[in-house]
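In: kindly return the folded structure for what I paste below:
(2 chains)
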Amino acid sequence: MSNKVMQWIDRRFPLTSFVQHDLSEYPTPRNLSYWWNFGSLAGIVLVLQVLTGIFLAMHYKADVNMSFASIQHIMRDVNYGWLLRYMHSTGASAFFLVIFIHMARTLYYGSYRAPRELLWWTGQGLLLLLMGTAFMGYLLPWGQMSFWGATVITNLFRATPFIGDQVVVWLRGDYTVGDETLTRFFALHYLLPFVIIGGVMIHLIALHMVKSSNPSGIDLADKDNIPFHPYFTIKDLYGLGVFLMVYFGFALFFPNLLIEPANNIPANPMQTPNHIVPEWYFLPFYAILRSVPNMVGGVVAMGLSVILFAFMPLLDRSKIPGGALYRPIFRVQFYLFIIDMLILGYIGYVPPTDQTIVIGQIASIAYFCSFFVVPFISTAEEKWLRKRGLPKQVEALIASEELQKAQKKTGGK
Amino acid sequence: MKKHLLTLALCCVTSLSFANEEVKLEKIQVDTSNPAVKRGVEAFMDSCHSCHTLKYIKYQDLVGLGFDKAKVKEWQGDWTLDAPVMGMMPDDGAMAAFGKLPPELSLMARARDGGNNYLYSYLMAYYTGADGVTGNHVFPASKMPDPLGISSATEPAQRAEIAAKAKDIVSFLNWAADPHELERYKLGTYILGYLFVLTSLLFVMKKRIWARLN
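Out: As a prediction, the model looks like this:
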């Protein structure tokens, strides 16, 4: 019976072949480490955010006179409203943490290199969408930090040449952040996650075209690939269990850890808080913005600091497989970059003083340099490594990679 | 890479401890038990309710804490049970006396850097200066007159009593800011317990399934 149903469906929709191609028989490198769990985790956090968000939207009111109180209504009166809201606010941080680790893994292992450039670029697009969605969502509680954060960030668009002032008014729907801004941010905060879901589909299609990278950094021969199910379904589920423990640990025991106290005060356009800080996941970029004395320069630098990741496939010239694994200098560079990000994050958090401004400027220059030196260092490093003699296993990897490339070429013809 | 995850996590945690605390706040352990919160309600009604409002707390919520309706009736006056706990001072009276409105307190325990510690330290920070004028170390610009009388209390026993009262008020305001806190911890314990068992089983399953490869 079920056979017949499946036949009926398969004649009309490629269900069986889809499941086989993309799930049950999808070839996955068996040497993936747990750092490869974060992609599927990001997908699950997205689902969690959408689900909690839809239920929050049923009780939320996007109106400057009502939104703060409607959050309190959710927190106090709606059945398990506090759970939904804390899961959603913690989920935003969890999302960025997972995505940052996912990106760091890609950088460390050089997973952005050919043929995975489009995979990396679609991921970059998703990061921008995620940042936009998070930024607009942060306005919705209509607390002091919501209001002033949105004011500061929309104000940055004044840097647009010639039509800066008009762009700011166009974004806000008013001369200041107000009811028009709140309602449009709510509409977009509800819309963008579905655009993200679409983007994730594209990201996955690209992934299933080029397949997962792996710690060795090359296409493995067929014998080293194993079917996604059951090996990676169970591995991802185990990783999900660990992740959920951390997530619920924060959401249920320390949900206020990442909520600025000032955001528990209703927005007051007449009173600027002592110190306006964005959410932690924007801090490094915010620090770069503040490090440039000129506003236009700051905005350009901040935009560039996010976009620059997309250039990694072009900047990294090395042909040594395995990303940082077999590339000692690249590895040092990677860790220095992470340390630099943490310094920038700290500088973005503290109120600016003469000292922190200087540190921020040095860290910002270091940030950009760590991208711009990549082409020179990667080629020099490769030369040096080859001269010194690569480890045998790496030679073997390169040889097998070239062999595979040759086979593909002849196979294509 | 492991280090990297750790530092990222540390970044989130440490960035919180940089709150600018010019005055050192006294750290207290908030008593979240029902008797402490109820004592806090009584202290609040004695010392704070004459001026301050709890916009998001209804008289009904006080009944929910375990006060009988007759007791709540004393505080609620002509208001109904589902009315919010409004301060008794009219706005124009407050403006005339202080030049500003007394802040709404339902979220006060979450609305200041330092949270509960801030509230307790603030209530206890009143002092009488050499010129006989009362000031506050924690919030020098405060317009609120010393509500618990700590600035004029000299006897250690009296000071201890006021400190206990301040703690009770903080217990109540902590509850008012997050009435589902204890329920949240309880649910959290269940969820983490469940996830621990589930994840352990998944780990065993993962080991078993992957063992097929060798």
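
In: tally of neighbours for A:Q271?
Out: As a burial measure, the neighbour count of A:Q271 was computed by other C-beta atoms under 10 Å in any protein chain shown and equals 10. For glycine as for every other residue, the C-beta is placed from the backbone atoms N, C-alpha and C.

In: give the contact list for it.
Out: Shown here is A:Q271, whose contacts under the criterion C-beta atoms under 8 Å, 6 or more residues apart in numbering or on different chains are A:Q144.

In: wait, is it part of a strand?
Out: No: assessed by DSSP: H, G, I helix; E, B strand; the rest coil, A:Q271 does not belong to a strand; its assignment is coil.

In: can I see the domain layout of chain A?
Out: Per the record's domain assignment (automatic domain parsing), chain A is made up of the domains A:36-213+A:226-276, A:280-413.

In: quick one: which of the ones you listed is nearest B:C51?
Out: Within the domains of chain A, the stretch nearest B:C51 is domain A:36-213+A:226-276; the backing value is 18.1 Å (C-beta to C-beta).

In: average pLDDT for the closest one?
Out: For domain A:36-213+A:226-276, mean pLDDT is 96.

In: distance between it and the chain's centre?
Out: 10 Å (C-alpha atoms, centre = their mean, to the nearest Å).

In: ok, and the closest non-adjacent residue to residue 106?
Out: In the absence of a named chain, chain A is used. Distances taken as C-beta to C-beta, 6 or more residues apart in numbering or on different chains place A:Y112 nearest to A:T106, at 5.5 Å, with adjacent residues excluded.

In: wrong one, chain B
Out: When the adjacent residues along the chain are set aside, B:S106 lies closest to B:Y56, with 4.1 Å between them (C-beta to C-beta, 6+ apart).

In: dead centre of the chain: give me the residue that sits there.
Out: Going with chain A. A:I99 (3.7 Å; C-alpha atoms, centre = their mean).

In: wrong chain, I was asking about chain B
Out: Nearest to the centroid of the C-alpha atoms of chain B, with distances taken as C-alpha atoms, centre = their mean, sits B:N174, at 2.5 Å.

In: isn't it up against B:T32?
Out: Yes: counting by C-beta atoms under 8 Å, B:N174 sits close enough to B:T32 to count as a contact (6.9 Å).

In: between the two, which contacts overlap?
Out: With contacts defined as C-beta under 8 Å, 6+ apart, the residues adjacent to both B:N174 and B:T32 are B:E181.

In: what's stretch B:133-153 in contact with?
Out: Applying C-beta under 8 Å, 6+ apart, the external contacts of stretch B:133-153 come out as B:23, B:25, B:47-48, B:51, B:98-100, B:102, B:118, B:121-129, B:159, B:162-163, B:165-166.

In: inside strands: which ones of these?
Out: Using DSSP state E, the subset of the contacts of stretch B:133-153 located in strands is B:Y126, B:Y127, B:T128.

In: surely B:G135 forms part of a strand?
Out: Yes: assigned with three-state DSSP, B:G135 falls within a strand.

In: next, count neighbours for it.
Out: The number of residues packed around B:G135, counting by other C-beta under 10 Å, is 15.

In: measure it to chain A for me?
Out: To chain A, B:G135 is 21 Å away according to C-beta to the nearest C-beta, to the nearest Å.

In: helix or strand: which one has the residue nearest to the centre of chain A?
Out: In the assignment (DSSP states H and E), A:I99 maps to helix A:81-108.

In: also A:I74?
Out: Under the assignment here (DSSP H and E), A:I74 is part of helix A:67-76.

In: that helix to helix A:81-108, inter-axis angle?
Out: Inter-element angle recorded for helix A:67-76 and helix A:81-108: 100 degrees (by axes from the mean of the first three to the mean of the last three C-alpha atoms, to 10 degrees).

In: quick one, helices of chain B?
Out: With DSSP state H, the ranges of helices along chain B come out as B:2-14, B:34-47, B:59-65, B:69-76, B:91-98, B:115-124, B:156-177, B:181-211.

In: burial count for the residue nearest to B:W75 when sequence neighbours are not counted?
Out: Using C-beta to C-beta, 6+ apart and skipping residues adjacent in sequence, the residue nearest B:W75 is B:M45, 5.2 Å away. Other residues within reach of B:M45, judged by other C-beta under 10 Å, total 17.

In: and what of B:V170?
Out: Other residues near B:V170 number 27, with proximity taken as other C-beta under 10 Å.

In: related to what we said a few turns ago, could you give the angle of the helix holding A:I99 to helix B:181-211?
Out: Inter-element angle recorded for helix A:81-108 and helix B:181-211: 40 degrees (by the same axes, to 10 degrees).

In: which other helices and strands contact helix A:81-108?
Out: Using 3 or more C-beta pairs under 8 Å, 6 or more residues apart in numbering or on different chains; DSSP states H and E as the contact test, the elements touching helix A:81-108 are helix A:38-57, helix A:67-76, helix A:117-139, helix A:228-253, helix A:328-349, helix B:2-14, helix B:181-211.

In: need those helices in TSV with distance to A:P27, can you?
Out: As requested, those are arranged in TSV below (distance: least, C-beta to C-beta, whole Å):
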stretch	distance to A:P27
helix A:38-57	16
helix A:67-76	45
helix A:117-139	16
helix A:228-253	8
helix A:328-349	28
helix B:2-14	28
helix B:181-211	16
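
In: need those helices in JSON lines (columns: mean neighbour count and distance to A:K387).
Out: As requested, these are exported to JSON lines (neighbours: other C-beta atoms under 10 Å in any protein chain shown; distance: least, C-beta to C-beta, whole Å):
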{"stretch": "helix A:38-57", "mean neighbour count": "19", "distance to A:K387": "36"}
{"stretch": "helix A:67-76", "mean neighbour count": "20", "distance to A:K387": "62"}
{"stretch": "helix A:117-139", "mean neighbour count": "20", "distance to A:K387": "28"}
{"stretch": "helix A:228-253", "mean neighbour count": "19", "distance to A:K387": "39"}
{"stretch": "helix A:328-349", "mean neighbour count": "19", "distance to A:K387": "14"}
{"stretch": "helix B:2-14", "mean neighbour count": "14", "distance to A:K387": "30"}
{"stretch": "helix B:181-211", "mean neighbour count": "15", "distance to A:K387": "40"}
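
In: can you confirm whether stretch B:90-101 lies near chain A?
Out: No: using C-beta under 8 Å from any C-beta of the partner chain, stretch B:90-101 never reaches chain A; the gap is at least 11.2 Å.

In: ok, residues contacting that stretch?
Out: B:C51, B:M89, B:P102, B:K143, B:M144.

In: could you chop chain B up by domain?
Out: Split into domains by automatic domain parsing, chain B comes to B:25-179, B:180-214.

In: check the offset of the shortest one from the chain's centre.
Out: In other words, domain B:180-214. Averaging C-alpha coordinates over domain B:180-214 and over its chain gives two centres that are 33 Å apart (C-alpha atoms, centre = their mean).

In: mean confidence score for that domain?
Out: Computed over domain B:180-214, the average pLDDT equals 96.
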